[in-house]
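Undergrad: Can you look at this prediction? I've put the sequence above it.
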Amino acid sequence: MQEGPIWIVTEDREDHELIQEILNELDFKTELVLFTKSEDLLACLDQAKEAPFIIISDANLPGMNGFELREQLLSTPNKKFHSVPFIFWSVTPSEVQVQRAYELKAHGFFIKEATYEEWRDSLLIIIRYWQKSKTPSKKDQPSAPQL
């Protein structure tokens, strides 16, 4: 089973409360780290003792948007952040946004649903899927030479 905190980036504080409520209801014991800006997440990279289990980011964020955040994570020299499943979500994603997400090797793009039950179901599906999936190590991994 995969371990580590769940990092979520969304500027909407009501989303933060809803996510916390859902994860409490689902009885997930993993740490939840909520960010309102991409820049805040990036500031935590050097201090992070472990890479997160998963990152879920809103596509539309103030300042650095979710796509720019993904680009920054992929360019970080420490490979432990490259293996973290990165999921986008948005209220109304455009086809252009979905295509861009997959160009950036996103692991999924979900719609922020209209009801509590739909949000809960989506989060449960995302988390359960990645708990079952094998991913490369998330321990410190400096860039290795290409083979």
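TA: Yes, it's here.
Undergrad: Any idea how far apart the tips of stretch 30-43 sit?
TA: 21 Å (CA to CA, to the nearest Å).
Undergrad: Pull up the distance across stretch 48-59, start to finish.
TA: Terminal residues of stretch 48-59 are spaced 23 Å apart (CA to CA).
Undergrad: pLDDT weak spots in this structure?
TA: Low-confidence segments of the chain, defined by pLDDT under 70: 1-2, 136-147.
Undergrad: by contact count, what packs against the biggest helix by length in the chain?
TA: Assignment by DSSP state H gives helix 116-132 as the longest helix of the chain. With contacts taken as 3 or more CB pairs under 8 Å, 6 or more residues apart in numbering; DSSP states H and E, helix 116-132 sits against helix 13-25, strand 54-58, strand 108-111. In short, each C-beta sits where N, CA and C put it, glycine included.
Undergrad: If we use 10 Å, what do you get?
TA: Counting contacts by 3 or more CB pairs under 10 Å, 6 or more residues apart in numbering; DSSP states H and E, helix 116-132 packs against strand 6-9, helix 13-25, strand 54-58, strand 86-90, strand 108-111.
Undergrad: In its sheet, which strands sit next to the third one, and in what direction?
TA: What that stands for is strand 54-58. In the sheet, strand 54-58 lines up against strand 6-9 (parallel), strand 86-90 (parallel) (DSSP bridges).
Undergrad: and that strand, C-alpha only, in PDB?
TA: C-alpha atoms of strand 54-58 as PDB (Å, rounded to 0.1, in the frame of the first residue of the first chain):
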ATOM      1  CA  ILE A  54      -0.600  12.000  -4.400                       C
ATOM      2  CA  ILE A  55      -1.000  15.600  -5.500                       C
ATOM      3  CA  ILE A  56      -4.400  16.900  -6.600                       C
ATOM      4  CA  SER A  57      -4.300  20.300  -8.100                       C
ATOM      5  CA  ASP A  58      -6.900  22.700  -9.400                       C
END
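Undergrad: can you pull up the bridge partners for the most centrally placed residue in the chain?
TA: The centroid of the chain falls nearest to Ile55 when counting by CA atoms, centre = their mean (1.6 Å). Beta-bridge partners for Ile55, by DSSP bridges, are Trp7, Phe86.
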